[in-house]
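*Asks:* Next come a sequence and a model predicted from it.
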Amino acid sequence: MRILITNDDGFNADGIKSLRKIALELSAKEDIFVVAPSENQSAKSRSITYKKDFQITKKSNNEFSVDGTPTDCVIFALDHLMKKKKPDMVLSGINWGYNLAQDAFYSGTIAAALEAADRGILSIALSQAYASEKQEIKPFNFAESCGARLCLTIYENFSIANKKMAFNVNFPVNPRMKYPDCIKIAPVGRRYNSNFIIKLDIKSQFLYTAQIDSNNKNSTSIYEDDYTSCLDGYVTVSPITMSIPKETNFEKLKKVNF
């Protein structure tokens with residue numbers, strides 16, 4: 001099996017090292033390719049470096065560091081590096097921090113998976129939640145212990161589908177139970193409030209310094225969605241797509257007299 005690995009935390013992130021270990025349980029080293037941003041590209045969504053030069057550094061025969069976004073990485077890998085022999089699967093992550101609910105629209109980790117899925121490759125985005133009050137010593141251990149089995153199960157069940165898909169997987173801080181009992185198939189939720197807040201430092205009447213940070217006090221209105229389930233200790237698995245419009249809204253819109 002040929003596997004492409006990418007992420008949005010950067011080429012040297014701990015999460016991508018764990019994802020390499022997972023991939024090595026699924027395939028031989030020579031069939032695993034790593035193409036990742038040279039620096040952190042979190043919350044860049046599906047942005048691309050459009051009509052502007054960027055550097056790509058070859059680290060080894062199968063490893064490349066890209067001075068661009070996660071989507072840039074996938075485009076380079078599929079349009080050049082693996083053009084003649086496409087990967088069977090794309091793995092993106094493991095992201096440091098969960099990607100739940102509206103995160104799906106901001107996440108560079110998920111964006112990379114969606115770009116690959118749009119190009120016909122089954123893709124899985126993987127993220128690891130962490131406790132806000134302290135950092136775990138070895139936060140990716142659980143993901144490493146069951147990630148290969150989880151990814152292989154998805155691949156074996158969906159790789160022959162006519163329409164390639166992307167999946168969003170989130171590992172909790174403390175798994176509720178052993179694998180696979182901890183798995184929960186969950187819809188992508190919607191928080192009551194935006195996940196981002198802005199902090200301002202007013203320098204003068206005409207100048208502000210601003211920083212956008214996460215909104216840690218939030219909840220959702222959907223029962224057992226990915227957000228509530230992951231925070232409750234489950235490994236959530238959600239199918240994701242860029243086909244956003246609701247069918248009911250689409251039909252209603254067609255009846256509007258503009």
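*Replies:* Good, I have the coordinates.
*Asks:* which residues sit in contact with Glu156?
*Replies:* Contacts for Glu156 (CB atoms under 8 Å, 6 or more residues apart in numbering) come out as none. Every residue, glycine included, has its C-beta placed from N, CA and C.
*Asks:* If we go by neighbour counts, what in the lowest-mean-pLDDT helix or strand in the chain is buried?
*Replies:* The helix or strand of the chain with the poorest confidence is helix 247-254; it has a mean of 74 (mean pLDDT, DSSP states H and E). Residues of helix 247-254 include none that count as buried (16 or more other CB atoms under 10 Å).
*Asks:* And stretch 80-88, by the same measure?
*Replies:* So stretch 80-88, judged by 16+ other CB under 10 Å, has buried residues 81-82, 87-88.
*Asks:* next one: stretch 191-208
*Replies:* Neighbour-count burial for stretch 191-208 [16+ other CB under 10 Å]: 191, 195.
*Asks:* Do me a favour and get the end-to-end distance for it?
*Replies:* Stretch 191-208 has an end-to-end distance of 28 Å (criterion: CA to CA, to the nearest Å).
*Asks:* quick revisit: and the buried residues of stretch 80-88 as CSV, adding secondary structure?
*Replies:* Output for the buried residues of stretch 80-88, formatted as CSV (DSSP: H, G, I helix; E, B strand; the rest coil):
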residue, secondary structure
Leu81, helix
Met82, coil
Pro87, coil
Asp88, coil
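*Asks:* From the residues you listed, pick the one nearest Ala129.
*Replies:* Nearest to Ala129 among the buried residues of stretch 80-88 is Pro87, at 27.0 Å by CB to CB.
*Asks:* I figured the closest one was touching Leu4, is that so?
*Replies:* Yes. With contact defined as CB atoms under 8 Å, Pro87 counts as touching Leu4 (4.1 Å).
*Asks:* so what sits against both of the two?
*Replies:* 33, 77-78, 116, 121.
*Asks:* tell me which residues of the longest helix seen in the chain are tucked away?
*Replies:* Identified as the longest helix of the chain according to DSSP state H is helix 141-158. Buried residues in helix 141-158, defined by neighbour count with 16+ other CB under 10 Å: 142-144, 146-148, 150-151, 154-155, 158.
*Asks:* Those residues into CSV, with extra columns for pLDDT?
*Replies:* Shown next, in CSV, are these (pLDDT from 0 to 100):
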residue, pLDDT
Phe142, 96
Ala143, 97
Glu144, 97
Cys146, 97
Gly147, 97
Ala148, 98
Leu150, 97
Cys151, 97
Ile154, 95
Tyr155, 95
Phe158, 92
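*Asks:* from the residues you listed, which single one is nearest Glu251?
*Replies:* Nearest member of the buried residues of helix 141-158 to Glu251, counting by CB to CB, is Phe158, at 28.5 Å.
*Asks:* for that closest one, what are its contacts?
*Replies:* Contacts for Phe158 (CB under 8 Å, 6+ apart) come out as 122, 165, 167.
*Asks:* With Asn40 instead?
*Replies:* 8-10, 13.
*Asks:* Just to be sure, Gln41 is in a strand?
*Replies:* No. Counting by three-state DSSP, Gln41 falls outside a strand, being coil.
*Asks:* Flag the shaky bits of the protein, pLDDT-wise.
*Replies:* Applying pLDDT under 70 to the chain picks out residues 132-137, 161-163, 192, 216-222, 243-248.
*Asks:* try 90 this time
*Replies:* Residues of the chain that meet the criterion pLDDT under 90 lie in 102-105, 130-139, 159-165, 176, 187-199, 205, 212-224, 241-257.
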